[in-house]
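Chemist: just need the structure, nothing else, for what follows:
(2 chains)
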Amino acid sequence: MTWEVIRKTAAERSSATLTEAVRAQFTWADAESMLDGLPGGGLNIAYEAIDRHVAAGHGAEEAICWFGKDGRTRRLSYADLASETARFANLMVANGLRPGDRLFAIAERVPDLYIAALGTLKAGMVFSPLFWAFGPDPIRMRIEIGEAKALVTTAAIYRRKIAAWREEFPSLKLVLIIGDEAPEGCVALGPAMAGVSDQFDIVQTRPEDPALIHFTSGTTGRPKGAVHVHKAVVMHAAAGRYALELVPGRRYWCTADPGWVTGTSFGIISPLVNRVCMIIDEADFDPERWYSILQDQKVEVWYTAPTAIRMMMRAGKDVAARYDFSALRFMASVGEPLNPEAVVWGNEVFGRPFHDNWWQTETGGIMIANTAAMDIHPGSMGKPLPGIEAGIVERDGDEVRECAPGEIGELALRQGWPSMMRAYLHEEARYKKCFASGWYLSGDLAVRDAEGYFWFVGRADDLIKSSGHLIGPFEVESALIEHPAVAEAAVIGLPDETAGEVVKAYVALNPGYEPSEELERDIRGLARKKLGPSVAPREVAFRKTLPKTRSGKIMRRLLKARELGLPEGDISTLESDET
Amino acid sequence: MTEDEIRKSYIEELIRVAPDLDAATISGGDHLQDDLELDSMDVLNLVIALSKRFGRDIPEADYPQIATADLAVAYLGNLPGESDRLI
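Modeler: Predicted coordinates for the structure are as follows:
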């Protein structure tokens, strides 16, 4: 079925930050003019996010308005944030950490996490956030690849997920524990922060110096650490302004966790660079809690995700109807394609539609978006932001061919925008594979219509998108085969009306083991312990053997096609079928 | 259905959703997300399983009332007519 286009009024078009006139005249110099640069030279994200606002007389404005699970609140002005992040940077120096060293953070959404992120950048170090619900295996793997020198976490996460293997990484010299007490071998953050100065000269990083590492899953092999540089802040500034309507003083709520790229780029950096007030909620999704926050905090701009929107839809319109959303002026969604039903539902419940947008860990910022001035075609990701050239291409070795409107191909971006990743850490070959003929190839299949709107079609590979999290099947399979009963494993994503996709595993057992409900649970239990609930399979099915190619590669695609009753496609390489 | 039976059913469904948990160490006040580390999809799957088992729809607004075993026993015990739907 086709969905009715949601038209914008003339007033909506003219009040948007990105009017047709602004779009037509845009050059990257316009985006750069949104920034100040460090006094004395250089570019540092933390300076653009905090200290320049204080220097310009905005120190008293609210930067963070935080709500704890337990009902506590904490408010930080831009001046407070400048002092706290200066303390954190001093703490880094006091512990012998140097510019370029990498700090990892694994914590729930508490103010110290945000302070650590920005303080790390002030010290010229590289910040790498990990999702707090990861199990010990994904955390350990990423810390190993990233050669972490410092870590910020909580006592509970440290004890449960890190303490057992910490000694294997002697280069990890500083472990800071949020709060006033720390386990042996760690440093309590509270007293340490109190013991250092709240004045710090921000390290004069250059535009191309690394600032952030975000890990993303690959179909095969280890997770990839996408490296972003300080210059990415040009994109953070422009994309926040144009795609999210972030203008100084606005009240903004990004529901993403900083453990994922959205929660850092648009949950820390972009809003502060654009001098808004960030609402942060520590608690997990709960529809009534969320509606209360939107109402009571007078949220004006809201950036959330399809899974949460679909959960609100499940809760029903009548729950939402009890709240006042009159402060809302712009709503956006990212993480996976937002289904048309959800766009339309948002329009009915909140009086305005969700604006879907598309980008990836590798792109560092929003690339394609439905902006405030644009009519919305429900189900479409929108059009490229100004300065971004997007294409639909077909790759043939090192060459690419551009596809015609309506033709499915790989979504690609013309290389060279400011927040493009500069490397996969220690993985030069995998990095190079992402580029051909001046294009970055996204791995997403999409189509462009005659009006220039882009539409997501699917992944070109076996990656799974569950609740907005990209999951590499290989990482899950590796954990499954550590169970003594499992000989081999294949992991696929199955469509799910709420999560987008859910992870399902197929396993073949070692001799001496028989399929049983108990064994299924035992395998799933081990996977949850190692990987965490958001990555582990929700279901494990038993097979005698798994379908394989002649070279021994498991054909996940075939398992998925059979599970969904779809055509099996080309099976000429199938050597041994499943039984 | 007695309180103990309700509790037993709740724990069984919980372990089915999150088999990394050990039934013997779950206490009545443990919070599904804060203490037992379930994610929101787990909670949704648990709600679906409990709805099926108790033959009753559990609306989203009531999710906080099944957030611990103790709360769930009180909540599920008060559902009207549940007993005649159970075999």
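Chemist: which parts of the stretch 451-579 of chain A sit against chain B?
Modeler: A:466-467, A:498-499, A:502, A:521-522, A:524-526, A:528-529, A:532-534, A:538 (CB under 8 Å from any CB of the partner chain). (Glycine included, C-beta is placed from N, CA and C.)
Chemist: which members of those residues occur in strands, if any?
Modeler: A:466, A:502 (DSSP state E).
Chemist: what is the most widely separated pair among the residues of the stretch 451-579 of chain A next to chain B?
Modeler: Based on CB to CB, the longest span within these runs between A:498 and A:522 and measures 26.3 Å.
Chemist: gap between the two ends of stretch A:214-234?
Modeler: 18 Å (CA to CA, to the nearest Å).
Chemist: mind listing what's buried in that stretch?
Modeler: A:214-219, A:222-234 (16 or more other CB atoms under 10 Å in any protein chain shown).
Chemist: so how far is residue B:27 from the closest residue to chain B within the stretch 101-250 of chain A?
Modeler: Using CB to the nearest CB, the single residue of the stretch 101-250 of chain A nearest to chain B is residue A:133, 6.2 Å away. According to CB to CB, to the nearest Å, residue A:133 and residue B:27 sit 22 Å apart.
Chemist: out of the two, which sits in the more crowded spot?
Modeler: residue A:133 (22 against 9; other CB atoms under 10 Å in any protein chain shown).
Chemist: ramachandran angles for that one?
Modeler: phi -90, psi 0 (degrees, to the nearest 10).
Chemist: quick one, what contacts it?
Modeler: By CB atoms under 8 Å, 6 or more residues apart in numbering or on different chains, the contact set of residue A:133 is A:259, A:532, A:533, A:534, B:37, B:39.
Chemist: try residue A:178
Modeler: A:107, A:110, A:112, A:113, A:152, A:153, A:154, A:155, A:189, A:190.
Chemist: kindly recompute the last result at 10 Å.
Modeler: Neighbouring residues of residue A:178 by CB atoms under 10 Å, 6 or more residues apart in numbering or on different chains: A:105, A:107-108, A:110-113, A:115-116, A:152-158, A:188-190.
Chemist: tell me the residues of the stretch 51-200 of chain A that contact chain B?
Modeler: Applying CB under 10 Å from any CB of the partner chain, we find that the stretch 51-200 of chain A lies next to chain B at A:69, A:70, A:108, A:132, A:133, A:135, A:156, A:160.
Chemist: need the worst-confidence member of those.
Modeler: Lowest pLDDT within those is found at residue A:133 (89).
Chemist: helices - which of the contacts of residue A:178 land there?
Modeler: A:111, A:112, A:113, A:115, A:116, A:155, A:156, A:157, A:189, A:190 (DSSP state H).
Chemist: relative to residue A:239, how far out is the second one?
Modeler: To tie it back to what came earlier, the one meant is residue A:112. 27 Å.
Chemist: where in chain B is pLDDT low?
Modeler: Chain B contains residues with pLDDT under 70 at B:79-87.
Chemist: and the spatially most central residue of it, what element?
Modeler: Centrality entry for chain B: nearest residue to the mean C-alpha point is residue B:10, 3.9 Å, by CA atoms, centre = their mean. Counting by DSSP states H and E, the element that carries residue B:10 is helix B:3-17.
Chemist: now swap in residue A:233 and tell me
Modeler: helix A:233-244.
Chemist: helices and strands around the helix or strand following that helix, which ones?
Modeler: Later in the chain than helix A:233-244, the nearest helix or strand by DSSP H and E is strand A:251-254. If you count contacts as 3 or more CB pairs under 10 Å, 6 or more residues apart in numbering or on different chains; DSSP states H and E, strand A:251-254 packs onto strand A:62-67, helix A:233-244, helix A:261-264, helix A:270-273, strand A:277-281, helix A:287-296, strand A:301-304.
Chemist: where does chain A dip in pLDDT?
Modeler: Using pLDDT under 70, chain A drops low at A:1, A:551-552, A:572-573, A:575.
Chemist: how does it divide into domains?
Modeler: A:10-388, A:464-576 (automatic domain parsing).
Chemist: out of the ones you listed, indicate the one that is most buried.
Modeler: domain A:10-388 (a mean of 20; mean count of other CB atoms under 10 Å in any protein chain shown).
Chemist: which ones are touching the closest residue to residue A:178 other than its chain neighbours?
Modeler: Leaving aside its sequence neighbours, residue A:178 sits nearest to residue A:112 (CB to CB, 6 or more residues apart in numbering or on different chains; 4.6 Å). Each residue near residue A:112 by CB under 10 Å, 6+ apart is listed here: A:84, A:88, A:105, A:119, A:152, A:154, A:176-179, A:189-190, A:193.
Chemist: out of those residues, which comes closest to residue B:54?
Modeler: The nearest one, if we look at those relative to residue B:54 and count by CB to CB, is residue A:154, at 35.9 Å.
Chemist: that closest one contacts residue A:116, correct?
Modeler: No: contact criterion CB atoms under 10 Å: residue A:154 and residue A:116 do not qualify, at 11.8 Å.
Chemist: between the two, what contacts are shared?
Modeler: In contact with both residue A:154 and residue A:116: A:107, A:110, A:178, A:189, using CB under 10 Å, 6+ apart.
Chemist: nearest residue to the last one in space, please, no chain neighbours.
Modeler: Put plainly, it is residue A:189. Residue A:189 sits nearest to residue A:176 (CB to CB, 6+ apart), 4.7 Å away.
Chemist: part of a strand, is the one you found?
Modeler: Yes: looking at residue A:176 with DSSP: H, G, I helix; E, B strand; the rest coil, it is inside a strand.
Chemist: out of the residues of the stretch 451-579 of chain A next to chain B, which comes closest to residue A:509?
Modeler: residue A:522 (11.7 Å).
Chemist: okay but that closest one is in contact with residue A:540, surely?
Modeler: Yes: using CB under 10 Å, residue A:522 is in contact with residue A:540, at 9.5 Å.
Chemist: which residues touch residue 34?
Modeler: You didn't pick a chain, so chain A it is. Residue A:34 neighbours (CB under 10 Å, 6+ apart): A:48, A:233, A:234, A:236, A:237, A:238, A:240, A:241, A:273, A:274.
Chemist: not quite, I wanted chain B
Modeler: A:69, A:70, A:108, A:283, A:284, B:67, B:68.
Chemist: spatially, which two of those residues are the most separated?
Modeler: It's A:108 and B:68 that sit farthest apart of the contacts of residue B:34, by CB to CB, at 19.3 Å.
Chemist: from chain B, how far out is residue A:327?
Modeler: 23 Å (CB to the nearest CB, to the nearest Å).
Chemist: was I right to think that residue contacts residue A:297?
Modeler: Yes: using CB under 10 Å, residue A:327 is in contact with residue A:297, at 8.2 Å.
Chemist: what is in contact with the two at once?
Modeler: residue A:251.
Chemist: thinking again about what came up before, what about the buried residues of stretch A:214-234, which are in strands?
Modeler: A:214, A:215, A:216, A:224, A:225, A:226, A:227, A:228, A:229.
Chemist: may I see these organised as a markdown table, with distance to chain B added?
Modeler: Below are these laid out as a markdown table (distance: CB to the nearest CB, whole Å):
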| residue | distance to chain B |
| --- | --- |
| A:214 | 20 |
| A:215 | 19 |
| A:216 | 19 |
| A:224 | 24 |
| A:225 | 24 |
| A:226 | 24 |
| A:227 | 29 |
| A:228 | 27 |
| A:229 | 33 |
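Chemist: if we can go back for a sec, apart from its neighbours in sequence, what residue is nearest the residue nearest to the centre of chain B?
Modeler: That would be residue B:72: by CB to CB, 6+ apart, it lies 4.9 Å from residue B:10.
Chemist: which residues in chain B form helices?
Modeler: Under DSSP H, chain B gives helices at B:3-17, B:40-54, B:69-77.
Chemist: out of the ones you listed, which is closest to residue A:148?
Modeler: Among the helices of chain B, helix B:40-54 sits nearest to residue A:148 (CB to CB), with 28.6 Å.
Chemist: wait, a helix at residue A:74?
Modeler: No: with three-state DSSP as the criterion, residue A:74 is located in strand rather than a helix.
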